[in-house]
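J.: coords please:
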Amino acid sequence: MKPIVYVIIPAYNEEASIGLVIKDIPEIVAEVIVVNNNSTDTTVQVAKEAGATVLSETKKGYGHACLKGMEYVVDLDLRPEIIVFLDGDYSDYPEELTKIIAPIMEDNIDFVVGARNSALREIRSMTKPQIFGNWLATSLMKLFFKSTFTDLGPFRAIKYDKLLALKMEDKTYGWTVEMQLKALKRNYSYLEIPVNYRNRIGVSKVSGTIKGAIFAGVKILYWIFKYSFKK
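T.: As a prediction, the model looks like this:
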């Protein structure tokens, strides 16, 4: 029997890419939820025309948008078994969702992260600050938690009940690392699956600016050290 899978996509000014993202999501997905995070372009219209459910979150921040999507899912009559998080910039390959959720479906793994390995990345699809930040964060997780994570990739899948148990709280750029750290602390079974990664459509709101890159780095380090010394 096919699992019930929902996809949550935070989106801010992704009118050129969001339709492509939604179109490439496999049919196994029961509902695609796009959370519009104060877009000033036609992101909402394009997403609706592509068949997605569109929510609005006026508080700026990646985590705010993800939490809004989770609030919506909680109130649905049809309880999902798997939640997939995916960016709206078309840098990931949405059609690879089936291999992201396969370990959960077939091997009962709790949590799967799509790893943007260098061999599968387009040139310049990740900036030097992104690459360094991923290396630093995953190295610290390995040091403090004996983790095998190599990436903080946003393309990820998790069992719905396990996601709720994490009690996610970060409102901005620390969302991905918070999820991984809490999964480690709770001894969730996890796996990384190598995924392809291409140059995004448009300019990154995080790595595309010095302010965004610095803020993201600070939030990542905050969560790592918070959980490293928390009993």
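J.: This structure: helices as residue ranges?
T.: Taking DSSP state H, the helices of the chain run over residues 18-23, 43-49, 62-74, 97-107, 128-145, 160-166, 175-185, 210-228.
J.: now for the fifth one, which elements pack on it?
T.: So that's helix 128-145. helix 175-185, helix 210-228 (3 or more CB pairs under 8 Å, 6 or more residues apart in numbering; DSSP states H and E). No exception for glycine: its C-beta is placed from N, CA and C like everyone else's.
J.: Check which residues of stretch 148-155 are buried.
T.: 149-155 (16 or more other CB atoms under 10 Å).
J.: and if you look at stretch 94-109?
T.: Buried-residue list, stretch 94-109, by 16+ other CB under 10 Å: 94, 96-97, 100-101, 103-105, 109.
J.: so where is the chain shaky, pLDDT-wise?
T.: For the chain, the stretches flagged by pLDDT under 70 are 203-217, 227-231.
J.: try 80
T.: 1, 202-231 (pLDDT under 80).
J.: Spatially central residue in it, please.
T.: P154 (3.0 Å; CA atoms, centre = their mean).
J.: Quick check, L191 in contact with I109.
T.: Yes - with contact defined as CB atoms under 8 Å, L191 reaches I109; the gap is 5.1 Å.
J.: Now the common contact residues for the two.
T.: When contacts are counted by CB atoms under 8 Å, 6 or more residues apart in numbering, L191 and I109 are jointly contacted by P103.
J.: if I pick the closest residue to the residue nearest to the centre of the chain other than its chain neighbours, what's in contact with it?
T.: Nearest residue to P154 in three dimensions, chain neighbours excluded: D87, at 4.9 Å (CB to CB, 6 or more residues apart in numbering). Neighbour list for D87: 9-10, 21, 154-155, 200 [criterion: CB under 8 Å, 6+ apart].
J.: Serialize these to a markdown table and add fields for distance to P80.
T.: Below are those laid out as a markdown table (distance: CB to CB, whole Å):
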| residue | distance to P80 |
| --- | --- |
| I9 | 15 |
| P10 | 18 |
| V21 | 19 |
| P154 | 19 |
| F155 | 17 |
| R200 | 27 |
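J.: Mind picking the one among the residues you listed that's closest to L166?
T.: P154 (16.0 Å; CB to CB).
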